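# The sequence and its predicted three-dimensional model are supplied below.
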Amino acid sequence: MPAFATVAAALDPLSQRSSGIHFVGGETDERIVPYAQLHSRALGILHHLQRAGARATTHAVILTDGLAPFVDVFWACMLGRIVAVPLAPGNTDAHKAKFFRVLARLESPTLATERKVFDRLKAYALQHGLVDAVERLARHTVFLDEIADIATPGIEQRPTPDDVAFIQFSSGSTSEPKGVVLTHRNLVTNIGAIARGMRADGNDTSLSWMPLTHDMGLIGFHLTPLFQGAEQWLLPTALFVRRPGLWLAKVAEHRVSVTCSPNFGYLHYLKTFDRARAGELDLSSVRIIFNGAEPIAADLCREFLSALAPARLASNVMFPVYGLAEASLAVTFPEPGAPLAVETLSRHALGPGDTVRPVAPDAEDAIELVRLGTPVAGCELRIADADGAAVPEGTVGRILIRGDNVTPGYHDDPALTAAARSADGFFDTGDLGTLRDGELAVTGRVKDILFVGGQNHYPQDIDQVLAQHAGIELGRATAAGLRRPGAMTDDILVFLLHKSDDLEPFARSVREVRRVVSERMGLAVAAVVPVRQFPKTTSGKVQRFALAREYEDGRFADVLAALARFETTPGAHETSATTALEHTLLAICRAAIPDRHVDADDNLFELGTGSLTLAQIYEKVDGAYPGQLDVADFFEYPTVRAMATFLAGKLAATNP
């Protein structure tokens, strides 16, 4: 792969390429944008950005539902020396709140979006006193779905290696999102290391359903194949969520060699995979499946490889990696083609300063950690104590990194930037790990981050949302995460202060907590637990980990069993569906939420319906009544009966 000084320079040798980007819209819906067209398309979009006020080194927020528009705007930013700020659009208040928090951190930004996305933001702004911000932004917004002509080119201004290419903002709606600044030098350094570490050659092709607003999607599966001039297929994340089988069907159809998924994706795929028909797939072209973005589950890796073995998926394609946005993605890679390497250790010796203890696989305290390889080219790694000094191999410490791939810091936050760096220039990732035979194993997280459905979430965000929308005074609710043995995602636990022995009013709080967190954040709460007090540090901080450990140890089993008596049981207080449409919708919802009784007047969000389940319900309803509903309609009509009434009106208008 040729070396480029900047991301923008990677377009130069592609003008004669017949390869390009294939955008997948469905089983038979694909379109290609040849790399040779990318430069002119980007210049056409750059013209519109510049008319809206974008200039060199200013910020352009990319907020679009479409992959192709995202790609056009991103490259327009690269060619115009504009700092791209990718954000994920979404229907929940958490997405909208994050947008406005990021907006407040940027000086005179331009926005590239679609009209429907902007209208959702405007409606949220009207409800939350942010009208002035929206009105100012409207004057500097490019509505991508209303552009009729991209024939007029913008004024190209090539960046320098140390110019900022884009800023990736962390999750965080009510807390302050962190903006990871990545320069062109950071990106080209790491992209070169990725290609070298995976032994890329001119024959590779790639496919990804990871969002382009995420570093693995954007850097790993758009920029890296583009730098090589390789064919790439991009599948919308929402389409994968609704139809997970498309992922490997497209891999097989196009003889793709490199693809990816975090735990969430493997688990989601296997839920609907018909193992009896595995032989109909031919996955023999696959040589690497990147596995990262969240802690890697060895059992799930083995299950996935075993399930797909009849599809001729090789047993050595799993490629477990470690990385983060602050490293421009990649930190450690294993050897391509190496078998999955696992350490079986005592879970009671994984804290900072502990010396890890290997145990038998059937030991009561056994936990499997996957080895994640050695540092990629140009990136140094150190396992360190709290003072930044290196610790011996086999000792747990903080994972520190250094190199030209590592971010210069966080946007507009010099204090946070300084706190993350050691005196000798190493960056603290916030993760804990250890080295085994020179290979990294991640043991935990310094900070409380929840991994749910392939996404990072901050528990303090949940606390804030409950304070704002559930009437629970700040400081009386504490969220925490618990990864059960063998589970592929964290359970979300919410602990509420409750000093009375009367649980009936608390049961009402349980329903409200589930509804608010589901509706506002798209997350399902596994349990709401009454506690008389929170364990705290000497400085007064709530020890979330201690609460989760007490829950795991069964301390709250009795009170939760008593609370269960107030839960609606199947058949109790049932409100029957009264129309054929209600019966159809109710059957879809009950199939999607099998562990809870769903009735026609039940609020789906009070049942703790997460965004993944909601997407599955929407897919089934859309299959039965194509084009009649939008996912956002479920927030407006959250019960089966209300949705049936709304849908009946839509159908009547369509077929008078």
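Thanks, I have the structure now. Numbering: from 1, shown residues only.
# what number of residues lie near V61?
Using other CB atoms under 10 Å, V61 has 25 neighbouring residues. In short, each C-beta sits where N, CA and C put it, glycine included.
# Just list the residues touching it, thanks.
The neighbourhood of V61, defined by CB atoms under 8 Å, 6 or more residues apart in numbering, consists of V85, L87, F99, V102, L103, L106, P109, T110, L111, A112, T113.
# Please identify which of those is nearest to P352.
Ranked by distance to P352 (CB to CB), these are led by V102 at 32.1 Å.
# From the contacts of V61, which land in strands?
V85, T110, L111, A112, T113 (DSSP state E).
# so the third one makes contact with T64?
Looking back up the chat, that one is L111. No: L111 is beyond contact range of T64, at 10.0 Å (criterion: CB atoms under 8 Å).
# Could you check which of those two is surrounded by more residues?
It is L111, of L111 and T64, that has more neighbours when counted by other CB under 10 Å, with 27 against 24.
# Report the contact partners of the more buried one.
A60, V61, L63, F118, L137, H140, T141, V142.
# in the stretch 501-650 of the chain, which spans are helices?
With helices called from DSSP state H, counting those that start in this stretch, the stretch 501-650 of the chain shows them at 504-521, 544-552, 557-564, 580-592, 611-624, 633-636, 640-654.
# Ok, which of these comes nearest R483?
Here helix 544-552 is closest among those (CB to CB), at 9.1 Å.
# Please state the offset of the closest one from the chain centre?
25 Å (CA atoms, centre = their mean, to the nearest Å).
# Please apply the same query to stretch 130-146.
Between the centre of stretch 130-146 and the centre of its host chain there is 26 Å, according to CA atoms, centre = their mean.
# rewinding a little: want to throw the contacts of V61 into TSV with distance to D599 and pLDDT?
What follows is those, written out as TSV (distance: CB to CB, whole Å; pLDDT from 0 to 100):
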residue	distance to D599	pLDDT
V85	43	98
L87	37	95
F99	35	93
V102	39	94
L103	40	94
L106	45	95
P109	46	96
T110	47	98
L111	42	98
A112	43	98
T113	38	97
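# Just the closest of the residues you listed to N316, please.
Nearest member of those to N316, counting by CB to CB, is L87, at 37.2 Å.
# Leaving out sequence neighbours, find the closest residue to that closest one.
L63 (5.1 Å; CB to CB, 6 or more residues apart in numbering).
# Could you report the neighbour count for the one you found?
So L63, with other CB under 10 Å, has 25 neighbours.
# next one: phi and psi at it?
phi -130, psi 90 (degrees, to the nearest 10).
# Now do the contacts for it.
By CB under 8 Å, 6+ apart, L63 lies in contact with L87, A88, P89, F99, L111, A112, T113, V117.
# Over to T189?
S328, G378, G403, D404, N405.
# The second one contacts A193, correct?
Yes: the pair formed by G378 and A193 meets the contact definition of CB under 8 Å, at 5.3 Å.
# Helix or strand, whichever it is, which one in the chain has the lowest mean pLDDT?
strand 455-457 (a mean of 69; mean pLDDT, DSSP states H and E).
# helix or strand right after it?
helix 459-469 (DSSP states H and E).
# Might you list the low-confidence residue ranges for the stretch 351-500 of the chain?
Flagging of the stretch 351-500 of the chain using pLDDT under 70 yields the residue ranges 447-449, 454-456, 485-488.
# Tell me where it has strands.
366-370, 374-375, 379-384, 397-403, 409-410, 427-436, 439-445, 450-452, 455-457, 477-482, 491-497 (DSSP state E, counting those that start in this stretch).
# shared neighbours, G378 and A193?
With CB under 8 Å, 6+ apart, G378 and A193 have common neighbours N405.
# If you count surrounding residues, which of these two has more?
Between G378 and A193, counting by other CB under 10 Å, A193 is the more crowded of the two (25 against 17).
# Which SSE is immediately downstream of the helix or strand that contains the more buried one?
According to DSSP H and E, A193 maps onto helix 184-197. Scanning forward in sequence from helix 184-197 by DSSP H and E, the next helix or strand is strand 206-208.
# what sits up against the helix or strand following that following strand?
Using DSSP H and E, the helix or strand that follows strand 206-208 in sequence is helix 215. By CB under 8 Å, 6+ apart, the surrounding residues in contact with helix 215 are Q168, G323, L324, A325, S328, L329.
# quick check, nearest of these to G20?
Of these, the one sitting nearest to G20 (CB to CB) turns out to be L329, at 22.3 Å.
# Just list the residues touching the closest one, thanks.
Counting by CB under 8 Å, 6+ apart, L329 has contacts N190, I194, D215, M216, I219, G220, G323.
# If it is in a bridge, with which residues?
Per DSSP bridges, the residues bridged to L329 are L324.
# what's the burial count for A293?
26.
# wouldn't it be in contact with M210 here?
Yes: counting by CB under 8 Å, M210 is a contact partner of A293 at 7.4 Å.
# Which pLDDT value goes with the residue nearest to L87?
In this model, L63 is scored at 97, pLDDT.
# quick one: pLDDT of L503?
86.
# Would you mind listing the residues in contact with it?
Counting by CB under 8 Å, 6+ apart, L503 has contacts P530, V559, A562, L563, F566.
# Give the PyMOL command for selecting the buried subset of the residues you listed.
PyMOL command restricting these to the buried ones, with burial defined by 16 or more other CB atoms under 10 Å:
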select buried, resi 530+559+563
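# CSV for the contacts of L503, including distance to P339 and pLDDT?
Formatted as CSV, the contacts of L503 follow (distance: CB to CB, whole Å; pLDDT from 0 to 100):
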residue, distance to P339, pLDDT
P530, 47, 94
V559, 46, 88
A562, 48, 85
L563, 46, 85
F566, 50, 77
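# and which of the contacts of L503 is nearest R511?
Once CB to CB is applied, the member of the contacts of L503 that ends up nearest R511 is F566, at 9.3 Å.
# I'd like to know how many residues surround the residue lying closest to that closest one once chain neighbours are set aside.
Spatial nearest neighbour of F566, excluding adjacent residues (CB to CB, 6+ apart): A507 at 3.6 Å. Neighbour count of A507, defined by other CB under 10 Å: 18.
# quick one on the thing from earlier: tabulate the contacts of L63 (JSON lines), appending distance to E473.
Supplementary listing: those in JSON lines, determined by distance: CB to CB, whole Å:
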{"residue": "L87", "distance to E473": "31"}
{"residue": "A88", "distance to E473": "31"}
{"residue": "P89", "distance to E473": "32"}
{"residue": "F99", "distance to E473": "27"}
{"residue": "L111", "distance to E473": "36"}
{"residue": "A112", "distance to E473": "40"}
{"residue": "T113", "distance to E473": "36"}
{"residue": "V117", "distance to E473": "34"}
